[in-house]
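> Predicted coordinates and the sequence they were generated for:
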Amino acid sequence: MGHLKFMQYLNFCCCCIPSFENVRTATPLSTRNALHLTGILPSAVENLDQQKKRALSQLRAKSSSLEKYIFLAWLRNTNIRLFYRLVIDELEEMAPLIYTPTVGSACLEYSHIYPFLAPPGVPDGLYLSINDLPNLTQIIKNYRPYPFNESLTPQIAVITDGSRILGLGDLGVNGMGIPIGKLQLYVAGAGIDPRRTLPITIDCGTNNEKNLNDEFYLGIRKKRVSDEEFYPFVDAVLKALTSVYPDLLVQFEDFSSEHAFDLLTKYRDNLFCFNDDIQGTGAVVLSGFINAVRLVEKDVHPTKHRILFFGAGSAGVGVAKQLLEFFKIEHGMSEEEAKKLVWLVDTKGLVTSDRGDKLASHKVYLSRSDNEGRQYKSLMDVIEYVKPTVLIGLSSTGGVFDETVLKRMAELNKNPIIFPLSNPMVNAECTFEDAMRNTDNRVIFASGTGFPPFVEQVTGKIRYPGQGNNMYIFPGLGLGAIIARPVKITDRQIYASASALAESLTKEEYDQNFLYPAVQRIRRVSAEVAAAVVVTAVDEGLARNPEINSMVKKDLKELLSRSGEKWQELIKYVEERMWDPNHEKAFPTESLIEKSKF
Ligand SMILES: NC(=O)C1=CN([C@@H]2O[C@H](COP(=O)(O)OP(=O)(O)OC[C@H]3O[C@@H](n4cnc5c(N)ncnc54)[C@H](OP(=O)(O)O)[C@@H]3O)[C@@H](O)[C@H]2O)C=CC1
Ligand SMILES: CC(=O)C(=O)O
Ligand SMILES: [Mg+2]
C-alpha cells in the first residue's frame, strides 16, 4: 500500500483532513479490496456488535473513570460509528463517563490528557481565541467535523467560555470537555447527526492561577479580558457563526452567571439560541418538581409549597423563575403570589432587598422584602425562618445539606423534597444515601449527577434516586427546535419541554414514584420533548419549516393536548429523523469509497 492510501485508511487525506469513516474490522472484504486495504487489517470481518463487545470489555478493564474517558475519546476519534453504538446501547454506563461526573475530572485535567491520540485533522472542537478576532469567519469555515461531509453543515453549537464549568469554577479552555460532552448527548439522546454538531470554546483568558501556571495549559495565558472586550468578542463570534451557518442553533453553556443572564437577554429575541444552565436546568427541575408535587399533594397543596434555593446563580435563579411559571400556568397564581413561594440563599445568607449589599442584578427580582428588617445568615437560620417543603441546592458546595439540615427537613415534612443539583458528584449538596438515612427514607430526591440506588435496611427494598440534570431537556429541546426551526426559542417552548418530560413517565415509572424517566429511554423521551416543542412553535406562529407547519396545523388542537393518534404519529415522525449509527445512511460507505478514489 502506498503512503497515501495508508494515510487515508488512518482517516487522513493528503492534506491531513479526515476524508472517510474508518470502521476497521467491520470493513467488508469488497471495500478492503477496493481500497487496497487487504493485509492492513486482520482477516476477521466483524459486525458492529462484535466490535462493541470487545470495546466494552476493553473499557471495563480500565481501572479509573478518567482512563475510561480517554479510551472513549480515542474511540470517538477513530471509529465514531462504534463509539455511538456503545454510548447509545449502554447509556446508563456511558453517561457518567462522557458526562458528569467524569467530564468534570476530564476538564480539570484537559490540558494533560489532550489530545486523546486523535489523528491530526480529527478535531475535538472549535477553539476561538480573542486573538482570532480578525479572522473568525475564516477559522469557522476551516473547521471540519469528523468524518467530513460538505453537505452536512452544523445544526447545533454548544458554546462556552469555560468560566464556570459545572461547579468547578473557571477552567478556561480546559472547559472544552463540556461542549463535547453535551453534544455527545445530543447524538446519543436525540439522534442529532454527529457531523452536524459543533463544540465551541471561546478563549478570553482565565483567572484560574493553577491553569496559568501549568506548563501544559492549552489556552492563552492571560487573565480574562474586561467586559469591554468580552461582549464585542462574543458578538463577533456569534455574527461570524451565523454568517457561515444561518440556521445554526446556539446553546450557551457554563458561562459565569455575571455574563450568562446578560448574554441571554441580549440574544434570546434575535438569535436562534437558548441558555442551558438557566433555561434547560429550569425546565428539567420544573419537570421533576411537577412530579414531586403530585407525590405529596395529599399532604401539601401545590400552592402551599415553600421553596428554598441554596444558590442564587444562573442555575438557582433560572430554576426559580421557571417554577414561578408552574404556579402561574397550572394554578392561576399572579406573579406576585408565586414569588412569595420562593426564597434564595447565597454566600451572604437569605437574599433580601434590605441586606445592605448591592445585589447582583439577577438576584433582585426574587429578593425578599417581607423579612421585617431581620437578616438570616446560615442555612439553618433560613430553614427555621422559611420552614421549607422543598430544598434545592445549586451552590456547588458539596455536603452542605448535612445531617442537621436533612433531619430538620424530615421533621418539618412528611416527605421533604430535596434536590441537591450541583455537579459534579463531589459538589452535590448531599448524597442519596445521606438523604435517605437522615429522613427515615422519606425523602423525595433528585440530584444533578446520578447516585447509586439505596437499599432500605429493614425491607431490603431498592430505592432509585432521580437525576435532575438538563440532559433530559436539551437534546429534545434542540431536536424539536432543529425540526421546527422557530424564529426563536420562547418561554412557552421551554415550558412545553418541561411538561412533556414530566408526562413522559411510563406507568411502571409512575407507579414506582419516579420523578424522571429511566435514562435508557432517553431517545423516546427526547422525541416526546421535541414533539412538544414543535407543536408549541407552530402554535406560536414561529416555526419556519413549511412541512412541519402544514402537518401540525391540521391537527393542532389534538396535538396541543399531547395525546391521541396524531400525537403518536408526530413522535414517530420525530423518531424517524434521528440519526442511528447502524443505518447505512449514517456514513454511506460506498459513496465514500467513490469519493476516496485516488
Ligand atoms: N443539575 C443540573 O442540570 C445543573 C446543575 N448546575 C449546577 O449548579 C451549580 C451552580 O451553577 P451556577 O448557578 O451557574 O453557579 P454560580 O457560581 O453562578 O452560583 C452559585 C451560587 O451558589 C452560591 N453559593 C456558593 N457557595 C455558597 C455557600 N457556601 N453558601 C451559600 N451560597 C453559596 C453563590 O453565592 P454568591 O452569589 O453570593 O456568590 C451563588 O449564588 C453548579 O454546581 C452547576 O454544576 C448547573 C446547571 C445545571
Ligand atoms: C449540568 C450542567 O449543565 C451544569 O452542571 O452546568
Ligand atoms: Mg452547564
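Happy to help now that I have it. Ligands and ions are numbered 1, 2, ... in the order given.
> Please see if the helix or strand harbouring residue 329 touches ligand 3.
Taking DSSP states H and E as the criterion, the element that holds residue 329 is helix 314-331. No - between helix 314-331 and ligand 3, judged by Cβ under 5 Å from the ion, nothing touches; the nearest distance is 7.7 Å. (Each C-beta comes from the backbone N, C-alpha and C, glycine too.)
> got the CA coordinates for that helix in CSV?
Provided in CSV are the C-alpha atoms of helix 314-331 (Å, rounded to 0.1, in the frame of the first residue of the first chain):
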residue,chain,number,x,y,z
SER,A,314,-27.7,31.3,36.8
ALA,A,315,-29.0,27.9,37.7
GLY,A,316,-30.7,28.8,41.0
VAL,A,317,-32.4,31.9,39.6
GLY,A,318,-33.1,30.2,36.3
VAL,A,319,-34.9,27.3,38.1
ALA,A,320,-36.7,29.6,40.5
LYS,A,321,-38.1,31.7,37.6
GLN,A,322,-39.2,28.5,35.8
LEU,A,323,-41.1,27.2,38.8
LEU,A,324,-43.0,30.5,39.0
GLU,A,325,-44.4,29.7,35.6
PHE,A,326,-45.8,26.4,37.0
PHE,A,327,-47.8,28.3,39.7
LYS,A,328,-49.0,30.9,37.2
ILE,A,329,-49.9,28.5,34.4
GLU,A,330,-51.2,25.5,36.4
HIS,A,331,-52.6,27.2,39.4
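> Now that helix: buried residues?
If you call a residue buried by 16 or more other Cβ atoms under 10 Å, then helix 314-331 has these buried ones: 314-327.
> now do stretch 90-106
90-91, 94-106.
> do stretch 483-503 as well
483-486, 488-490, 492-503.
> How about that stretch and ligand 1, any contact?
No - Stretch 483-503 stays out of contact with ligand 1 when judged by Cβ under 6 Å from any ligand atom, the minimum separation being 12.4 Å.
> list the contacts for residue 192?
Residue 192 sits next to 155-156, 183, 186, 475, 478-479, 482, 578-579 when contact means Cβ atoms under 8 Å, 6 or more residues apart in numbering.
> In the stretch 151-300 of the chain, what residue comes closest to ligand 2?
When distances are taken as Cβ to the nearest ligand atom, the stretch 151-300 of the chain approaches ligand 2 most closely through residue 166, which lies 4.3 Å from it.
> what about that residue, how many neighbours?
Residue 166: 28 surrounding residues under other Cβ atoms under 10 Å.
> correct me, but it touches residue 107?
Yes - Residue 166 is within contact range of residue 107, at 7.5 Å (criterion: Cβ atoms under 8 Å).
> CA atoms only: put stretch 244-255 into CSV for me.
The C-alpha trace of stretch 244-255 is given here as CSV (Å, rounded to 0.1, in the frame of the first residue of the first chain):
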residue,chain,number,x,y,z
VAL,A,244,-21.4,30.9,7.9
TYR,A,245,-24.3,28.8,9.2
PRO,A,246,-27.5,30.9,9.2
ASP,A,247,-29.7,28.1,10.7
LEU,A,248,-27.4,27.1,13.5
LEU,A,249,-29.0,26.7,16.9
VAL,A,250,-26.6,28.0,19.6
GLN,A,251,-26.7,26.6,23.2
PHE,A,252,-24.9,28.9,25.7
GLU,A,253,-23.2,26.7,28.3
ASP,A,254,-21.4,27.3,31.6
PHE,A,255,-20.8,31.0,31.2
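> any idea how far the helix or strand that contains residue 410 is from the chain center?
Element membership for residue 410 (DSSP H and E) is helix 403-412. Here the centre of helix 403-412 is set off from its chain's centre by 31 Å, with Cα atoms, centre = their mean, to the nearest Å.
> Show me what that helix is packed against.
Packing partners of helix 403-412 (3 or more Cβ pairs under 8 Å, 6 or more residues apart in numbering; DSSP states H and E): helix 379-386, helix 432-437.
> Need the residues that contact the helix or strand that it is followed by.
Secondary structure here is assigned by DSSP H and E; on that basis, the next helix or strand after helix 403-412 toward the C-terminus is strand 417-420. Residues from elsewhere that reach strand 417-420 (Cβ under 8 Å, 6+ apart): 285, 288-289, 292, 296, 389-393, 401, 406, 409, 428-431, 435, 439, 443-448, 468.
> next one: stretch 81-96
21, 23, 26, 48, 51-52, 55-56, 59, 65, 72, 75-76, 98, 102, 184-185, 187-189, 194, 449-450, 471, 518-520, 522-523, 580-582, 586-587.
> filter those residues to the buried ones?
21, 23, 26, 48, 51-52, 55, 59, 65, 72, 75-76, 98, 102, 184-185, 187-189, 194, 449-450, 471, 518-519, 522-523, 580-581, 586-587.
> Show only the entries of these found in helices.
Using DSSP state H, 48, 51-52, 55, 59, 65, 72, 75-76, 98, 102, 184-185, 187-189, 522-523 are the members of these that sit in helices.
> picking up where we left off before, hmm, the helix holding residue 410 in reach of ligand 1?
No - when contact is scored as Cβ under 6 Å from any ligand atom, no part of helix 403-412 falls within range of ligand 1; the minimum is 12.0 Å.
> if we can go back for a sec, the helix holding residue 329 close to ligand 1?
Yes - Helix 314-331 reaches ligand 1 (Cβ under 6 Å from any ligand atom) through 314-316.
> what element comes up after that helix heading to the C-terminus?
Once the chain leaves helix 314-331, the following helix or strand, as judged by DSSP H and E, is helix 335-339.
> Pull the distance from that following helix to the chain's centre.
Per Cα atoms, centre = their mean, the displacement of helix 335-339 from the mean C-alpha position of its chain is 29 Å.
> change the start of the numbering to 13 and stick with it
Fine by me, first position is 13 from now on; the one you just mentioned is helix 347-351.
> Quick check: buried residues in it?
By neighbour count on 16+ other Cβ under 10 Å, the buried set for helix 347-351 is 350-351.
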